[in-house]
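Participant: pasting the structure only:
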């Protein structure tokens, strides 16, 4: 581990120095090209978070300082980050409806009419790191890693998230009243000053009141209520979901993006995967049988629907062989492997089997009964 850590650190130095060549390696660290190649390969295989992008999507964005360190050390840092948010609104045509900057992390609520959250956040995090390092005469990584984004169902969670974000300082006891905290967009919601025109707050306020004269009070009344217990429990988890919404919303996302986003380097893409029961139900529908028939096992008797369900649980869900053998009550993982291999070989010559598997996949992705894992 120490050798790997040293290589990664030195490799990063090579990149930042931009003084290396393909023949001799880095002229700063002396690392040969072969080892630099290992560094870049290591980087390329680091897992990536799930990013789902489409026009007018809403996201709750978070990022923290590495090792829990501060990312805002003085007032100028907070001001610099807020200026950067305003720049992002103009540069990337995003809509920022809420933010809260804490000493070692931040929260944002962003809508992307141009489906460009990844590009926008690379700009925000990258430029802020440069400005912070320049201001504090330091260098290197500022944030813990890639930012965390949660795709949000605007019909069910948008208002709750605005409250959760704005109440952060209150929740941790930093202030007794939200108006006492300078570094959040709460003050923008209770102000009519033109300096807040960049904040996309009118859409949120109209969700609280259709009467513009009463929307400020409606907002304050809403903020006076306790945070959603569901959200509190959600954000206390070590691993956060990539999607937050109703069952219909999650089903829509799965149907539209699962086949495009499924990738071994994106572990969170498993959250879009169909449930095992959905696979079994879809296969049974194609073959016109009941679940109990599919799950039956008889030595020496071929059960094609069962093998297809096993094959799809491997292909679509990436379930391990041990898990598959348990789910289908098989003797062991070798039995699961054999069933998958039989289907794979038969696919090359059996048009009817290919058609049934394609129909099963379509039924799975269109299934509106899917729920969040």
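Facilitator: Okay, I see it. Just so it is clear, the model here is predicted, and its values are computed rather than measured. Residues are numbered from 1 along each chain as shown.
Participant: pLDDT-wise, which helix or strand of the protein ranks last?
Facilitator: Within the chain, confidence by mean pLDDT, DSSP states H and E is lowest for helix 33-44 among all helices and strands, at a mean of 36.
Participant: next, count neighbours for residue 51.
Facilitator: A count of nearby residues for residue 51, using other Cβ atoms under 10 Å, gives 18. The C-beta positions use only the backbone N, C-alpha and C, and glycine is treated the same way.
Participant: cool, residue 63 as well?
Facilitator: That count, for residue 63 with other Cβ under 10 Å as the rule, works out to 22.
Participant: what do you get for the one 5 residues further on?
Facilitator: By other Cβ under 10 Å, the residues close to residue 68 number 10.
Participant: show me what contacts it?
Facilitator: Residue 68 is in contact with residue 104, counting by Cβ atoms under 8 Å, 6 or more residues apart in numbering.
Participant: quick one, helices of the stretch 251-373 of the chain?
Facilitator: 276-287, 291-295, 304-317, 321-327, 333-347, 351-366 (DSSP state H, counting those that start in this stretch).
Participant: contacts for the last one, please.
Facilitator: With contact meaning Cβ under 8 Å, 6+ apart, helix 351-366 is reached by 254-255, 258-259, 274, 278-279, 281-283, 285-287, 304, 308, 311-312, 316, 343, 346-347.
Participant: now these: which count as buried?
Facilitator: Buried by 16 or more other Cβ atoms under 10 Å: 254-255, 258, 274, 278-279, 281-283, 286-287, 304, 308, 311-312, 316, 343, 346, out of those.
Participant: show me what contacts the closest residue to residue 309 other than its chain neighbours?
Facilitator: In space, and not counting its chain neighbours, residue 309 is closest to residue 283: 4.6 Å by Cβ to Cβ, 6 or more residues apart in numbering. Counting by Cβ under 8 Å, 6+ apart, residue 283 touches 294, 305, 308, 309, 312, 360.
Participant: and those residues as CSV, adding pLDDT?
Facilitator: Below are these laid out as CSV (pLDDT from 0 to 100):
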residue, pLDDT
294, 89
305, 92
308, 93
309, 92
312, 89
360, 89
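Participant: from these, pick the one nearest residue 150.
Facilitator: residue 312 (28.0 Å; Cβ to Cβ).
Participant: residue 151 belongs to a strand?
Facilitator: Yes. Read with DSSP: H, G, I helix; E, B strand; the rest coil, residue 151 is one of the residues of a strand.
Participant: hang on, isn't it packed against residue 256?
Facilitator: No. Contact criterion Cβ atoms under 8 Å: residue 151 and residue 256 do not qualify, at 11.4 Å.
Participant: of the two, who's got more company?
Facilitator: residue 151 (23 against 14).
Participant: ok, the more buried one - contacts?
Facilitator: 52, 57, 58, 59, 242, 243, 244, 245, 253.
Participant: okay, and which of those residues map to helices?
Facilitator: Among the contacts of residue 151, the members falling in helices are residue 253 (criterion: DSSP state H).
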